[in-house]
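# Just a sequence and a predicted model for now, questions to come.
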Amino acid sequence: MREVLPFPLPDPGEIRRCRAQILAALLAADEGFCAVPVKSVRRSTLQAMLSLYDRLFFGGFLSRFYGTLPVTLSTRLTSAAGKFVYTRGSTPVKAEIRMSGDFLFRLTDGPFQLNGLSVATAQEAFLVVFEHELCHAAEFALYGSTGHSQRFLSLANGLFGHTDTRHSLPTRRSEAAENGLLVGSRVCFPYEGRTLTGTVSYIGKTATVMVPDARGGYRDRRGRRYAKYRVPVALLQKG
Ligand SMILES: [Zn+2]
């Protein structure tokens, strides 16, 4: 049984044509976005991206449902390439699509594998990440919740031809893992002329390292005390 959606699903040829049309329009209007690697993305480019997608793929459904749906570029978002966030139970619905500048600005040579597609450039990868977040926005608008269920996958496949929700874009965590650094790794790092040794408890743009310290403010279950340090990943060495 095929469900009736408030927007028609495009065929594969249309998906490619519309995506290419949106990409061309955004590149023509924003020099920073054209650069390799991408230098900057104007706020107007983010809004144009939303309104073009809404018009070409959703027949205006998203703007009818959300009114305004802010699209922002975050350099602090390092754990994901994009994120759909909403406030539960708010009327009118408050939601936002956050795109990670941290991801985008580090992408250089394609092709990139994401959401089951292979895309050639960083700019196209950015669009395909955005498409994934749009599917979350649409699923939430239609059903009041969103995740990576079968329902989500068939929506993402019908709208954009996505066959997966994963990507191979380099994350801070995967880059650190390539250098043998994982949460739980023993590491040392220089600090005020000394070398401290501890255990990694988080990896983002910087790593959090817990260092045994009798006067530290953190205590584990066995009562041992630690001090917490935020350390640039480049300064860490395997301990
Ligand atoms: Zn998702």
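Cool, got the structure. A quick note: this is a predicted structure, and the numbers were derived from the prediction, not measured.

# now the most centrally placed residue in the chain: how far from residue 10?
When the chain is reduced to its mean C-alpha position, the closest residue under CA atoms, centre = their mean turns out to be residue 81, at 1.7 Å. In this view, residue 81 and residue 10 are 23 Å apart by CB to CB, to the nearest Å. All C-beta atoms are positioned from the backbone trio N, CA, C, and that covers glycine.

# for the protein, what spans make up the helices?
Here the chain has its helices, by DSSP state H, at 12-29, 31-34, 43-58, 61-66, 101-104, 122-143, 150-160, 172-178.

# Mind telling me which of those helices the model trusts least?
For the helices of the chain, mean pLDDT drops lowest on helix 172-178, to a mean of 70.

# Break this structure down into its domains, please.
12-170, 173-238 (automatic domain parsing).

# and among those, the most buried is which?
Ranked by average neighbour count under the criterion mean count of other CB atoms under 10 Å, these are headed by domain 12-170 at a mean of 17.

# Distance from that domain to the middle of the chain?
In terms of CA atoms, centre = their mean, to the nearest Å, the centre of domain 12-170 is found 9 Å from the chain centre.

# cool, and stretch 226-234?
Centroid separation for stretch 226-234 versus its chain: 24 Å, with CA atoms, centre = their mean.

# Next, give phi and psi for the residue nearest to the centre of the chain.
phi -80, psi -20 (degrees, to the nearest 10).

# from here on, count from 25
Sure thing, new numbering starts at 25, so read that last one as residue 105.

# Please tell me I have it right and it contacts residue 123.
Yes - if you go by CB atoms under 8 Å, residue 105 and residue 123 touch, sitting 7.5 Å apart.

# which residues are in contact with both of these two?
Here residue 105 and residue 123 have residue 153 as joint contacts, going by CB atoms under 8 Å, 6 or more residues apart in numbering.

# ok so, going back, what sits against the residue nearest to the centre of the chain?
123-124, 127-128, 138, 153, 191, 193.

# for the nearest residue to residue 61 once chain neighbours are set aside, what are its contacts?
The shortest distance from residue 61 to any non-neighbouring residue, by CB to CB, 6 or more residues apart in numbering, is to residue 132 (5.2 Å). By CB under 8 Å, 6+ apart, the contact set of residue 132 is 60-61, 146.

# what's residue 132 sitting at in phi/psi?
Listed backbone geometry of residue 132 is phi -120, psi -80, with angles given as degrees, to the nearest 10.

# Quick check: it vs residue 175, distance?
Residue 132 is 35 Å from residue 175, by CB to CB.

# what's next to the longest strand seen in the chain, contact-wise?
Longest strand of the chain, by residue count under DSSP state E: strand 218-227. Residues from elsewhere that reach strand 218-227, judged by CB under 8 Å, 6+ apart: 196-197, 200, 205-214, 231-236, 250, 252-253, 257, 260, 263.

# Stretch 242-249 too?
So stretch 242-249 is in contact with 234, 236-241, 250-252, going by CB under 8 Å, 6+ apart.

# if you set the cut-off to 7 Å instead, what comes out?
Stretch 242-249 is contacted by residues 234, 236-238, 240, 250, 252 when judged by CB atoms under 7 Å, 6 or more residues apart in numbering.

# can you name the two of these that are farthest apart?
Using CB to CB, the contacts of stretch 242-249 span at most 14.5 Å, a distance reached by 238 and 252.

# How about residue 159: what's its closest non-neighbour residue?
residue 180 (4.4 Å).

# isn't that neighbour right next to residue 158, touching?
No - Residue 180 is beyond contact range of residue 158, at 9.0 Å (criterion: CB atoms under 7 Å).

# Next, the contact list for the residue of the chain most remote from its centre, please.
Distance from the centre of the chain peaks at residue 238, with 38.8 Å (CA atoms, centre = their mean). If a contact means CB under 7 Å, 6+ apart, then residue 238 has residue 249 as its contacts.
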